[in-house]
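>>> okay, structure incoming, though there's no sequence with it:
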Ligand SMILES: [Zn+2]
């Protein structure tokens, strides 16, 4: 293998194509590893940084090669991490480590595919309800889905305060826990605002006038929309419409919120952490969000849009109008190549998930982010 570019983000050859970088690097032998045998080493003539073939691999720094396709398959088919670890005869931590790697690869692939893409359909948004760590810390996974395609454009997350009916002892436990950790105020508004950022980034306001955003009747949504100047202006000029529909209505195909109801059902069924009344649930928010990113790749770019009839678009992404060559290019090297943060244009939520910035309730320490995920 020849290096495609210099892995040093501050080098002038970091964004080179393979052809441009030719002649700016030299071979400097190899080193032996127990994992993959001899690994060729290189040196960049421009910045003097030395690196190896493994620097460009998704397996960078690992001491054992684990089948990433199998982890992705198991995770998106309802298997919990312990089951995957047992199946692959490795530790729980090793599986989580590979999920982090695939999670970042998922963020990178989705961001690359959506770069420059504009949506040609109405949108539906919703808050998928679950909990983080315990039922005392409910959360919303806000999702933005294409109304016709069921393509998942983006997702954001907020941990909320437990509300609703509680017994006296539950209420006192909640106040005890709140002395130790409180969810940030306005988390749901902030989460929905980030989701509206995703909507704005893939909406070409001139090409698609009269965009409709469908949601249920949650009071936070109109407040957030009114607080965003660009959406407020588009609404006043009749180029954007926020339509609501009761969440209690039957969840059939004719329901205008069908797309989010469908994605909610799939998440509940396919990700072990969202199975109801089971021993699987999200114990660490940042790790849980990596799993939802893996699911996004499976749902958008791998799973069939409809099984029949056969002439319908193959994937949800194609149903949304994403050109197949963009899907091919964006997902190229998904299971093999290391994504470089310095080469990506991520939105706020994607950056937060990449950096594991979402905090777990009652956990003081920030989640660990390895150096290779930060820079090169
Ligand atoms: Zn260099």
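Sure, I can see it. Note that this is a predicted model, so its numbers are computed, not measured.

>>> so residue 35 sits in a strand?
No: if the criterion is DSSP: H, G, I helix; E, B strand; the rest coil, then residue 35 is coil and not within a strand.

>>> is it true that residue 296 touches residue 106?
Yes: taking contacts as Cβ atoms under 8 Å, residue 296 lies within contact range of residue 106: 6.2 Å. All C-beta spots, glycine's among them, are computed from the backbone N, C-alpha and C.

>>> burial check on residue 321, number of neighbours?
A count of neighbours around residue 321, defined by other Cβ atoms under 10 Å, yields 16.

>>> which non-adjacent residue is nearest it?
What sits nearest to residue 321 in space, not counting adjacent residues and going by Cβ to Cβ, 6 or more residues apart in numbering, is residue 120, at 5.1 Å.

>>> sorry, back to before: pick out whichever of residue 296 and residue 106 has more residues nearby.
residue 106 (28 against 24).

>>> coming back round to it: what about the residue nearest to residue 321, how many neighbours?
Using other Cβ under 10 Å, residue 120 has 16 neighbouring residues.

>>> what does residue 374 give?
Count around residue 374 with other Cβ under 10 Å applied: 12.

>>> same question for residue 162.
18.

>>> pLDDT score assigned to it?
Note on residue 162: pLDDT of 93.

>>> residue 372 now?
89.

>>> and for residue 253?
The model's pLDDT for residue 253 equals 89.

>>> equivalent analysis for residue 285, please.
94.

>>> the one 4 residues further on too?
pLDDT for residue 289: 96.

>>> and the gap between residue 49 and residue 337?
In this view, residue 49 and residue 337 are 19 Å apart by Cβ to Cβ, to the nearest Å.

>>> show me the strands in the stretch 151-300 of the chain, by range?
Counting by DSSP state E, counting those that start in this stretch, the stretch 151-300 of the chain has strands at residues 152-159, 211-215, 240-244.

>>> any idea which of these is most buried?
Sort those by mean neighbour count, taking mean count of other Cβ atoms under 10 Å, and strand 152-159 sits at the top with a mean of 25.

>>> what residues does the chain put near the ion?
6, 8, 11, 13, 44, 46-47 (Cβ under 5 Å from the ion).

>>> rewinding a little: could I get the strands of the stretch 151-300 of the chain in TSV, plus columns for mean pLDDT?
Shown next, in TSV, are the strands of the stretch 151-300 of the chain (pLDDT from 0 to 100):
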stretch	mean pLDDT
strand 152-159	97
strand 211-215	97
strand 240-244	97
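
>>> looking at the ones you listed, which is closest to residue 363?
Proximity to residue 363 (Cβ to Cβ) singles out strand 152-159 among those, at 11.2 Å.

>>> please name every helix or strand in contact with that closest one.
Counting contacts by 3 or more Cβ pairs under 8 Å, 6 or more residues apart in numbering; DSSP states H and E, strand 152-159 packs against strand 138-146, helix 187-201, helix 285-297, helix 348-354.

>>> tilt between the third one and strand 138-146?
It refers to helix 285-297. Orientation note: helix 285-297 sits at an angle of 20 degrees relative to strand 138-146 (axes from the mean of the first three to the mean of the last three Cα atoms, to 10 degrees).

>>> so what touches the helix or strand just after helix 285-297?
Downstream of helix 285-297, the first helix or strand assigned by DSSP states H and E is helix 316-319. Here helix 316-319 makes contact (Cβ atoms under 8 Å, 6 or more residues apart in numbering) with 113, 146, 148-152, 299-301, 303, 305, 312-313, 324, 327.

>>> just the buried ones out of those residues, please.
Taking 16 or more other Cβ atoms under 10 Å as the criterion, what is buried in these is 113, 146, 149-152, 299-301, 303, 305, 313, 327.

>>> list the contacts of residue 5.
Going by Cβ under 8 Å, 6+ apart, residue 5 touches 13-18, 21.

>>> want to throw the residues you listed into JSON lines with secondary structure and pLDDT?
Converted to JSON lines, the contacts of residue 5 look like this (DSSP: H, G, I helix; E, B strand; the rest coil; pLDDT from 0 to 100):
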{"residue": "13", "secondary structure": "coil", "pLDDT": "96"}
{"residue": "14", "secondary structure": "coil", "pLDDT": "95"}
{"residue": "15", "secondary structure": "coil", "pLDDT": "94"}
{"residue": "16", "secondary structure": "coil", "pLDDT": "93"}
{"residue": "17", "secondary structure": "coil", "pLDDT": "90"}
{"residue": "18", "secondary structure": "helix", "pLDDT": "87"}
{"residue": "21", "secondary structure": "helix", "pLDDT": "94"}
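
>>> nearest spatial neighbour of residue 83, chain-adjacent residues omitted?
residue 74 (6.9 Å).

>>> and the pLDDT at the one you found?
As summarised for this prediction, residue 74 has a pLDDT of 97.

>>> OK, contacts around it?
By Cβ under 8 Å, 6+ apart, residue 74 lies in contact with 83-84, 87.

>>> picking up where we left off before, pretty sure the residue nearest to residue 321 is touching residue 208, no?
Yes: if you go by Cβ under 8 Å, residue 120 and residue 208 touch, sitting 6.2 Å apart.

>>> check whether residue 117 sits in a helix, strand or coil.
coil.

>>> please report how far it lies from residue 300.
Using Cβ to Cβ, residue 117 is found at 12 Å from residue 300.

>>> follow-up on the earlier one: out of the buried ones among the contacts of helix 316-319, which one has the lowest pLDDT?
Within these, lowest confidence goes to residue 313 (79).

>>> show me the contacts for that one.
149, 305, 319.

>>> just give me the closest of the residues you listed to residue 238.
Distances from residue 238 to those, taken by Cβ to Cβ, are shortest for residue 149, at 24.5 Å.

>>> and the closest one, how close does it get to residue 317?
Distance of residue 149 to residue 317, given as Cβ to Cβ: 8 Å.
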